[in-house]
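Colleague: Sequence first, predicted coordinates after that:
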Amino acid sequence: MVEARKNSGTFGPALRIGVLGGGQLGRMMIQSAVDFDARIEVMDPSADAPCRYLTHRFVQGALTDAEAVVAFGQGLDCITIEIEHVSVSGLRTLEAQGVRVIPKPDHLAIIQDKGLQKQFFANHGIPTAPFEIIEDSNEVGKMGFPIVQKMRKGGYDGKGVTVLKDASDLNKAFTVPSVIEKAVAIDKELSVIVARNGRGETQCFPVVEAVFDPVANLVDYLIAPAAITAEQASEATQIALSVVEKMEFEGLLAVELFLDEEGQILVNEVAPRTHNSGHHTIEANATSQFEQHLRTVLDLPLGSTEAVHPVGAMVNIVGHAEANGIPEYVGIEAALEMPGVHPHLYGKSTVKPFRKMGHVTFTGKSRDEVIERMMHIREQLAVNGNTSA
Ligand code: ADP
């Protein structure tokens, strides 16, 4: 169908796109698909996933179950993902049946495994922290310390990552096959989201900076453009582009980078999908990351990634430390009162401590002014749980 559309140049509501994963990323993809009159169908293990009531067809199923993925995807025009922990073999079967699969199963197989990912970087001259692949915790000390140990498979949002400062931390080591890498003296954590379509055309969003809370050691906010020099921004962008080009990647790739204290830029890891570090693009850029992703899925021309505001930023809205129950959002009205502030709630049926429940984006003319407004609003934002309802 995508081939037929490309040949005729026409669009139509008959185009069926399947998405593996029905969380907030899928939800924002649906918002973009409305404008393309594309029909989105979703599979997710949870019966009340955020996409549940916004989709043409919802299938409850395990994303890592090859048979379930094939059953869901049969007959679709395209299938894509909003989470990378899905069955690659199921996607391979669908591809063989003629379903357009973006990202490609071979790329997903590399990216799902942090060991293969690091080897890909090393084999293709992409700068990354020195590393070793190990089978069990006996080998954890082989590079010396300090190191960061990462489970090869299954980690997300910092779960599956542990910092080992010296030998006294060995009791914190994972016992599963892992990557160990030299701890980088990080000055800044950066991200560049790149799109590449079937014609090999590429577009990069401006470099985003993740600012960490030094006490909690969690991402505090994300802001673009990053506070780095023009040379550093161009180098980060070139490195991100070289990853998609060397992989011949098709789709949307978020490239997470470190700028170290010596000014060196290294790739940390990549995610083959829309990413938390691109949420501000809905308001701050000519094309959002969600629309750009859809354009790659449908093999359309890519959109301009130009910033339409000098500065864009984003804070997550997470559950209160003791929240449990039906979510009750606090501070949304205060956010709505301000210009250039946009809340996005994910429609999750229950709140849990620190669960990502939504985010708020900020656009403005200067970094200082945007940060000031963000701090003011952030203090008022909270999600409590109502157990009595
Ligand atoms: P996840 O896939 O769970 O997000 P990451 O590989 O991004 O895991 O690691 C999570 C965080 O750990 C990074 O954002 C960074 O702060 C820290 N980290 C990861 N690798 C290193 C490293 N080699 N040196 C120093 N810090 C690191």
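Modeller: Noted; the coordinates are in hand.
Colleague: Look up how far Ala227 lies from the one residue in the stretch 151-300 of the chain that gets nearest to the ligand.
Modeller: Nearest residue of the stretch 151-300 of the chain to the ligand: Val184, at 3.7 Å (Cβ to the nearest ligand atom). Using the backbone N, CA and C atoms, a C-beta is placed for each residue, glycine as well. From Val184 over to Ala227 the distance is 19 Å, taken as Cβ to Cβ, to the nearest Å.
Colleague: Which one of those two is surrounded by more residues?
Modeller: Just comparing Val184 and Ala227: by other Cβ atoms under 10 Å the higher neighbour count belongs to Val184, 20 against 11.
Colleague: Doesn't the more buried one belong to a helix?
Modeller: No: under DSSP: H, G, I helix; E, B strand; the rest coil, Val184 falls outside any helix and is assigned coil.
Colleague: Return the helix or strand containing Gly18 as CSV; C-alpha atoms alone will do.
Modeller: According to DSSP states H and E, Gly18 maps onto strand 16-20. Extracted in CSV, the C-alpha atoms of strand 16-20 (Å, rounded to 0.1, in the frame of the first residue of the first chain):
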residue,chain,number,x,y,z
ARG,A,16,-3.4,1.0,8.2
ILE,A,17,-0.5,1.5,10.6
GLY,A,18,0.1,-0.8,13.5
VAL,A,19,2.0,0.3,16.6
LEU,A,20,3.6,-2.0,19.1
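Colleague: Can you tell me the strand partners of that strand and which way each runs?
Modeller: Strand 16-20 sits in its sheet next to strand 39-44 (parallel), strand 78-81 (parallel), going by DSSP bridges.
Colleague: any chance of those in TSV, with mean pLDDT and mean neighbour count too?
Modeller: As requested, those are exported to TSV (pLDDT from 0 to 100; neighbours: other Cβ atoms under 10 Å):
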stretch	mean pLDDT	mean neighbour count
strand 39-44	96	24
strand 78-81	98	25
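Colleague: Output the set of residues of the stretch 151-300 of the chain in proximity to the ligand.
Modeller: 155-158, 160-161, 181, 183-184, 186, 189, 256, 268-269 (Cβ under 6 Å from any ligand atom).
Colleague: scratch that, the stretch 1-150 of the chain
Modeller: Residues of the stretch 1-150 of the chain lying near the ligand (Cβ under 6 Å from any ligand atom): 129, 148, 150.
Colleague: Check whether the first one really touches Leu266, as I assumed.
Modeller: Pointing back at Ala129 there. Yes: using Cβ atoms under 8 Å, Ala129 is in contact with Leu266, at 5.6 Å.
Colleague: okay, and the common contacts of those two?
Modeller: Taking Cβ atoms under 8 Å, 6 or more residues apart in numbering as the criterion, Ala129 and Leu266 both touch 184, 258.
Colleague: Might you quantify the distance of stretch 370-389 from its chain's geometric centre?
Modeller: Centroid separation for stretch 370-389 versus its chain: 23 Å, with Cα atoms, centre = their mean, to the nearest Å.
Colleague: With stretch 279-290 instead?
Modeller: Using Cα atoms, centre = their mean, the offset of stretch 279-290 from its chain centre is 14 Å.
Colleague: in that stretch, what's buried?
Modeller: 279-285, 287-290 (16 or more other Cβ atoms under 10 Å).
Colleague: Stretch 113-121 now?
Modeller: Neighbour counts over stretch 113-121 (16+ other Cβ under 10 Å) mark 113-115, 117-121 as buried.
Colleague: Just the mean pLDDT for that stretch, thanks.
Modeller: Per-region confidence: stretch 113-121 scores 98 on mean pLDDT.
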